[in-house]
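Peer 1: Dropping a prediction and its sequence here:
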4 protein chains.
Amino acid sequence: MLNLDFHPSGRHFLQIPGPSPVPDRILRAMSLPTIDHRGPEFGALGLELLAKLKQVFKTEGPVMVYPASGTGAWEAALSNTLSPGDRVLMFETGHFATLWHKMARRLQLEPEFIGLPGYEGWRRGVQADMIEARLREDSAHEIKAVCVVHNETSTGVTSDIAAVRRAIDAANHPALLLVDTISGLCSADYRHDEWGVDVTISGSQKGLMLPPGISFNALSDKAIAASRHNRMPKSFWAWDEILEANQNGYWPYTPSTNLLYGLNEALDMLLDEGLEHVFARHQRWAAGVRTAVQAWGLEVQCLDPDVYSPVLTGVVMPEGVDADVVRKIIYERFDLSLGMGLGKAKGKMFRIGHLGDCNDLTLIATLGGCEAGMKLAGVPLSGSGVTAGLEYFAEHALDER
Amino acid sequence: MLNLDFHPSGRHFLQIPGPSPVPDRILRAMSLPTIDHRGPEFGALGLELLAKLKQVFKTEGPVMVYPASGTGAWEAALSNTLSPGDRVLMFETGHFATLWHKMARRLQLEPEFIGLPGYEGWRRGVQADMIEARLREDSAHEIKAVCVVHNETSTGVTSDIAAVRRAIDAANHPALLLVDTISGLCSADYRHDEWGVDVTISGSQKGLMLPPGISFNALSDKAIAASRHNRMPKSFWAWDEILEANQNGYWPYTPSTNLLYGLNEALDMLLDEGLEHVFARHQRWAAGVRTAVQAWGLEVQCLDPDVYSPVLTGVVMPEGVDADVVRKIIYERFDLSLGMGLGKAKGKMFRIGHLGDCNDLTLIATLGGCEAGMKLAGVPLSGSGVTAGLEYFAEHALDER
Amino acid sequence: MLNLDFHPSGRHFLQIPGPSPVPDRILRAMSLPTIDHRGPEFGALGLELLAKLKQVFKTEGPVMVYPASGTGAWEAALSNTLSPGDRVLMFETGHFATLWHKMARRLQLEPEFIGLPGYEGWRRGVQADMIEARLREDSAHEIKAVCVVHNETSTGVTSDIAAVRRAIDAANHPALLLVDTISGLCSADYRHDEWGVDVTISGSQKGLMLPPGISFNALSDKAIAASRHNRMPKSFWAWDEILEANQNGYWPYTPSTNLLYGLNEALDMLLDEGLEHVFARHQRWAAGVRTAVQAWGLEVQCLDPDVYSPVLTGVVMPEGVDADVVRKIIYERFDLSLGMGLGKAKGKMFRIGHLGDCNDLTLIATLGGCEAGMKLAGVPLSGSGVTAGLEYFAEHALDER
Amino acid sequence: MLNLDFHPSGRHFLQIPGPSPVPDRILRAMSLPTIDHRGPEFGALGLELLAKLKQVFKTEGPVMVYPASGTGAWEAALSNTLSPGDRVLMFETGHFATLWHKMARRLQLEPEFIGLPGYEGWRRGVQADMIEARLREDSAHEIKAVCVVHNETSTGVTSDIAAVRRAIDAANHPALLLVDTISGLCSADYRHDEWGVDVTISGSQKGLMLPPGISFNALSDKAIAASRHNRMPKSFWAWDEILEANQNGYWPYTPSTNLLYGLNEALDMLLDEGLEHVFARHQRWAAGVRTAVQAWGLEVQCLDPDVYSPVLTGVVMPEGVDADVVRKIIYERFDLSLGMGLGKAKGKMFRIGHLGDCNDLTLIATLGGCEAGMKLAGVPLSGSGVTAGLEYFAEHALDER
């Protein structure tokens, strides 16, 4: 029997920026018996799910559900709309933008990677003016798509997608807009239709509070039109057969039945609470956590208050402190998992996730573990973050529904 | 479908002094399919369980398992050893001792209730010298049993049972010693045989980390002998048929099969960890919580450091503060349940449970919720308990196994 | 980790007449986190539960819920209404009536046990005329209560309780009527108020489809009045404090919280289906099983078609066949648990439970296992019961709701 | 809350040829809390899993685990070893071979699809001599891979893979051998190394008894070598990064953590039982089911006894009977799901799955439901399949371990 109980007692605190802690209600839904994915009840479930999904993406268009984790949905977005050799403009917001760029190259696209320079470049969001400028240069419209990350999980920056849309429009450029909100959906406000996004990529294990394993593409008509003529070899990711089978609530191949049960439950929980309340809840958590970081006398990774992430907060260590050593102490002594610094941020910072099945006291516990662990590691702190965070939560009640 | 999710997100903090938070591992064990309680596998399970139970009671004698909650085990202890009209000496340590005394009267016994006077009397444990004095007076040996509570759940006082044994022996008195350790077993050190206890009463929903529903009597030979001649009408609680059926791992009537699965799992968890480690873990938690109370400038309910409970801590409110109002604010704002003041302590204090499926950060969260709630309620505090508790835990590592 | 998987693959068939197979939906409800049994949500749950319970007992009066298995509810019924030395008339329908009689003696009552003679006496139900005759003799009204078993789990006979009521009335006798429907409730039609029952005893692990651990007393006003003056020493079982605490949805001592979650779910399932549909479902199953027994050329234990049990069917083995040997083969070869013959029926028959989380194919599997096992054991059969049962189910559709 | 309880009582019988019924033990393992997929415990779990997987594929080489359902693993096998325009020889065993062929075309390969003609061609397995003949013609070695399905889920035919290997060798042809055993692994004997397979494709929701969502590629050195030079655009499926990350038990992107818990449990169950015992268990079930089909006077879909599938059995309906009408009656009346006829077999037959969490009585129930449903649908039957199957199981005990 699998044993994941490394400490003698109590529940592990999983405060990485996803996979997020899964509510027991969702785990219970996932334990329902697997049914025939070609039977009538499955079709009814499928139709219900697909309708609810549109609400969380804020779209009238179709949403593809892949029985594959989020990285697959990146590939799906690229491979359905682009052909080998196509030029793509991508913006470097952090590690995940970098990985997506790498994927584009492996798919034989010609990605152009722009961004602010160095590690400091990872502390601000997408610069829409840079995108606009580059698109204006591209008078031949060789760039087929602009790819940006909405909520950059490696940094805690939530970029302004509407601004990117305006930039493309200002440049009068026909490129598709592809947006990754794998870690933003259902935690940060997101509006596929209003923002004119062509393909939105998301996944299950963040704001949807599911285990990893399913992922999404929300599609505009323009994206669907592009998919009809592209030449990328693909089958599993191809939208055409999924769109057809989805008409009746089915999928062309075996879906992740039990994860779909969990998805249905998650969508009910989120829609019953109300998306605006969900977003306000995360914003408040993020503000409380930033208050703590400030009390410690440390820097938040994101330097631009307009694009602070409601999903996670990067905590920058003072010069000379190895953030991974701090994380290890916190993990071993307090059974608390935090996100590591990735790529250019490696060793420089750690990330606190404030998403999924959390509440004020979960985050107080998390801040407590961080504070005690940093002290044990010898990090100089200017004050108590846990009491500052606690005061913030006490003074800022979330309006009850 | 039952909905117990009162807050939009996150797990409720159940920090009452029992029922304690149940580890998922135990919930999973309890979800195994119910089997035939007369079949061969059940007998094997029963024998295994009964052997492990002896270890946690630290006894060589038999342990009765009732498919009934803890109050039933009180009645079982009294009704198997005593007859209507029998005189019993009971010590008033708090609310649960008072309820047990009330039960003795309803069972037509003649209980004599001694103790220190008033509410202050509830802030210290059993006074063995008072018991000795009373027994010495009883030269006719009319007193048939001495009944004391080991860990008084209403106050957070863990009395010295060995001292009571010495008192009885010093008085050279033949009375039986009946001890309630419903909330002490598997959290506080307990030694049925070494301390010469005749009947130990316990339950499932405290240190054993199970839901409520099963309870125990551990028996000495002297208690069994007494049961052979007593005249209390009884059947369900009667030891004789249970002792007989237990020989083969069965019970004379339908046992709580699924709770027994959970009990088996709990015993494995506790014995694998090692009882001494379990006790040290609770002692450390209690010390951390008391450090917090001290930092707040408040009083711990228990005034005698020798008998601080490792299981729960009573926090006394300043004069004029209604502890139940404070508890309500903490519950509503922070989704945290604390124990109320009971009986003479009603409204004067609240109780923090530090038992069951907890860890350092769970308790930091709990202290955080208490601190913020007390401030919101206008309770004057002299400092931050949550940072004091955090420091205590950081500075006092539990030796790893 | 507990391992109950004795066979390499597949789910055990638990077809004993209780504990019955528990629906996963109930197991999921039972895995919700334990809450504070003194908190506001618990009170709301308690009130809801108590209201729904009245519906299944078909009573306007109160229903006691004990955190104890069914045998405890027998003791509760006797100890609240009777005093040591009281005379009670009990009818021997089978093994459980016999055990209840034994309990009455242990409680220092003076039970009189009447019935039809011998093992054959266990093949018919309560004979109301015998009760009437005995009560008519008792002109001094020394008999304080008549105790009968509604659904005798050891035989598969469901006695006519209305006839017993008429018999008592015809004799113009003031005795209380105490009825055990531990295994009848929610499978066989039962009407506490209409039939003038004073105390109905039931349990969780049969028609309510829960694991064992909670039990019930439904009370008439006359029973409550009797409880105010009786002299049996009791506390745990005493109705007075429960009646008082139940006003607000609480209990005087720790209830079985997680089993109550399951109870709430079970009541929703049964009431949503409709009790009459539930009863029809069980009657149809029983008819199908009896058709199989007939096809085998064997006898059903119950000889009176008017009182065939809808809950279980006793299958009598031919002379010279040890039913327990047959059961063992069936268990070992087919992973199927059947009820053993108890008391006077020991070795003579086995019992097939058709209750709880079952359906037509579960019972076809059960009949298949019985048929193959009996053949392997050398029991001469005159035909195929499994095909006869299958035809019965095919030809008699249960009207869909 | 999701409600999948379409019938008032009892557990649905899911006897399609996958997804198979999931053992509760696996569902319990899957409900463990999600952990950090970059943390140390995850790495240990990953290494353990990867080692056990080799055992079930009977290979010394690496096994890729995709967080994607089985169709994805088909694409992974093709896209890592082949380049657009490559010629591939595929054998038409049934519907799934046909779908794989279609995928190859969508991936811009040049598949050649050979096989026996018509619907009758789907009633026998792979004809190794046809493959050998075709390869001999290909003196230029334009054919880069031979693709065959081991256990064809649409027909119930388990082809002889060793014979295909011998055919390739006899032709002295360098083509890779790609084998789909999505529904064969862990039910039918399979030997990746011994049979000289280059890529084996499998999935979670069949013999591994998991819900759908993860899938596999087992690799030969030759396959890995081919992957280093192929030109198919790919990223998610690419072996190179997975091979590297797997060295330490990790994956290059987010794995399906909770399904991996289930996989670990499934592997323990299967390896503890012993693979040979597992195979014998399925062979025996299949033989019992075929005995039933014979008793009904119907034909098994597979006409060649050497390649009967141990996993599922296709039951061919008489001329003029619509198999889907029969299936619908069985589903609605008996809560039993069977597999539909697919592609050329549509309406002609239904499929009984005998895999996953089953046992003899589950299959007796299944045969019972089929028999009664066929009678209700007016299918003429020559005898009772359920009694024939029962006799088979009774007479052929599976040797106990």
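Peer 2: Yes, it's here.
Peer 1: Does at least one residue of stretch A:352-370 sit close to chain D?
Peer 2: No: Stretch A:352-370 does not reach chain D (Cβ under 8 Å from any Cβ of the partner chain); its nearest approach is 9.2 Å. In this view, the C-beta of every residue, glycine as well, is placed from N, C-alpha and C.
Peer 1: For the stretch 251-400 of chain A, what lies in contact range of chain D?
Peer 2: So the stretch 251-400 of chain A meets chain D at A:252-259, A:261, A:264-265, A:268, A:331, A:337, A:340 (Cβ under 8 Å from any Cβ).
Peer 1: Quick check: the farthest pair among those residues?
Peer 2: A:Pro252 and A:Tyr331 (42.1 Å; Cβ to Cβ).
Peer 1: How far does the helix or strand hosting A:Leu177 sit from its chain's centre?
Peer 2: A:Leu177 is located in strand A:176-180, with elements delineated by DSSP states H and E. Offset of strand A:176-180 from its chain centre (Cα atoms, centre = their mean, to the nearest Å): 14 Å.
Peer 1: do that strand and chain D meet?
Peer 2: No: judged by Cβ under 8 Å from any Cβ, strand A:176-180 makes no contact with chain D; its nearest approach is 12.9 Å.
Peer 1: Which elements pack onto that strand?
Peer 2: Using 3 or more Cβ pairs under 8 Å, 6 or more residues apart in numbering or on different chains; DSSP states H and E, the elements in contact with strand A:176-180 are helix A:70-81, helix A:95-106, strand A:143-149, helix A:161-170, strand A:199-203, helix A:221-227.
Peer 1: In the last one, which residues are buried?
Peer 2: With burial defined by 16 or more other Cβ atoms under 10 Å in any protein chain shown, the residues of helix A:221-227 counted as buried are A:Lys222, A:Ala223, A:Ile224, A:Ala226, A:Ser227.
Peer 1: Tell me which residue in the stretch 301-401 of chain A sits closest to chain C.
Peer 2: A:Asp357 (12.1 Å; Cβ to the nearest Cβ).
Peer 1: before we move on, back to that, now for the residues of the stretch 251-400 of chain A next to chain D, which sits with the most neighbours around it?
Peer 2: Most neighbours among these, by other Cβ atoms under 10 Å in any protein chain shown: A:Ser256, with 32 neighbours.
Peer 1: May I have the predicted confidence score for it?
Peer 2: Per-residue confidence at A:Ser256 stands at 93 (pLDDT).
Peer 1: pLDDT below threshold where in the stretch 301-401 of chain A?
Peer 2: A:400-401 (pLDDT under 70).
Peer 1: give me the number of residues near the residue of the stretch 101-250 of chain A found nearest chain C?
Peer 2: Closest residue of the stretch 101-250 of chain A to chain C, Cβ to the nearest Cβ: A:Met209 (16.7 Å). Residues lying near A:Met209 (other Cβ under 10 Å) number 29.
Peer 1: how about it, phi and psi?
Peer 2: phi 60, psi 20 (degrees, to the nearest 10).
Peer 1: who's in contact with it?
Peer 2: Listed by Cβ atoms under 8 Å, 6 or more residues apart in numbering or on different chains, the contact partners of A:Met209 are A:Ser20, A:Pro21, A:Val22, A:Pro23, A:Ile26, A:Cys186, A:Ala266, A:Met269, A:Leu355, A:Gly356, A:Asp357.
Peer 1: which residues does A:Val300 bridge with?
Peer 2: A:Val300 has the following beta-bridge partners by DSSP bridges: A:Val315.
Peer 1: Can you give me the neighbour number for it?
Peer 2: Using other Cβ under 10 Å: A:Val300 sits among 22 other residues.
Peer 1: between the contacts of A:Met209, which is nearest chain D?
Peer 2: A:Val22 (5.7 Å).
Peer 1: Check what pLDDT the closest one gets.
Peer 2: 93.
Peer 1: thought it was touching D:Ser31?
Peer 2: No: using Cβ atoms under 8 Å, A:Val22 is not in contact with D:Ser31, being 9.1 Å away.
Peer 1: of the two, who's got more company?
Peer 2: A:Val22 (25 against 22).
Peer 1: Shouldn't that one be within a helix?
Peer 2: No: using DSSP: H, G, I helix; E, B strand; the rest coil, the secondary structure at A:Val22 is coil, not a helix.
Peer 1: Mind jotting down where the helices sit in the stretch 201-350 of chain A?
Peer 2: Under the criterion DSSP state H, counting those that start in this stretch, the stretch 201-350 of chain A carries helices at the ranges A:221-227, A:239-246, A:257-273, A:275-296, A:323-334.
Peer 1: Spell out which residues of chain A are next to chain C.
Peer 2: Neighbours of chain C within chain A, by Cβ under 8 Å from any Cβ: A:Met1, A:Asp24, A:Arg28, A:Ser31, A:Leu32, A:Pro33.
Peer 1: How many neighbouring residues does the last one have?
Peer 2: What that stands for is A:Pro33. Neighbours of A:Pro33 (other Cβ under 10 Å): 20.
Peer 1: For the residue nearest to it when sequence neighbours are not counted, the count of nearby residues, please.
Peer 2: Distances taken as Cβ to Cβ, 6 or more residues apart in numbering or on different chains put D:His12 closest to A:Pro33, at 6.2 Å, once the chain neighbours are dropped. For D:His12, the number of neighbouring residues by other Cβ under 10 Å comes to 23.
Peer 1: Quick check: D:His12 touching A:Leu32?
Peer 2: No: counting by Cβ under 8 Å, A:Leu32 is not a contact partner of D:His12; they are 10.3 Å apart.
Peer 1: Check the spacing between the closest residue to A:Phe334 other than its chain neighbours and D:Arg38 real quick.
Peer 2: With Cβ to Cβ, 6+ apart as the criterion, A:Phe334 has its nearest non-adjacent residue at 3.8 Å, and that residue is A:Gly369. Counting by Cβ to Cβ, to the nearest Å, the gap from A:Gly369 to D:Arg38 is 18 Å.
Peer 1: With A:Asp180 instead?
Peer 2: 19 Å.
Peer 1: And for A:Gly353?
Peer 2: 13 Å.
Peer 1: Return every residue with contacts to both of those two.
Peer 2: With Cβ under 8 Å, 6+ apart as the test, A:Gly353 and D:Arg38 both reach A:Ile16.
Peer 1: if you count what's nearby, which of these two comes out ahead?
Peer 2: A:Gly353 (30 against 15).
Peer 1: Give me the neighbour count for A:Arg105.
Peer 2: Other residues within reach of A:Arg105, judged by other Cβ under 10 Å, total 14.
Peer 1: and the nearest residue to it once chain neighbours are set aside, which of the three is it?
Peer 2: Spatial nearest neighbour of A:Arg105, excluding adjacent residues (Cβ to Cβ, 6+ apart): A:Pro111 at 6.1 Å. Here A:Pro111 takes the strand state, with states given by three-state DSSP.
Peer 1: what do you get for A:Lys375?
Peer 2: Three-state assignment for A:Lys375 (three-state DSSP): helix.
Peer 1: same deal with A:Leu53?
Peer 2: Taking three-state DSSP, the label given to A:Leu53 is helix.
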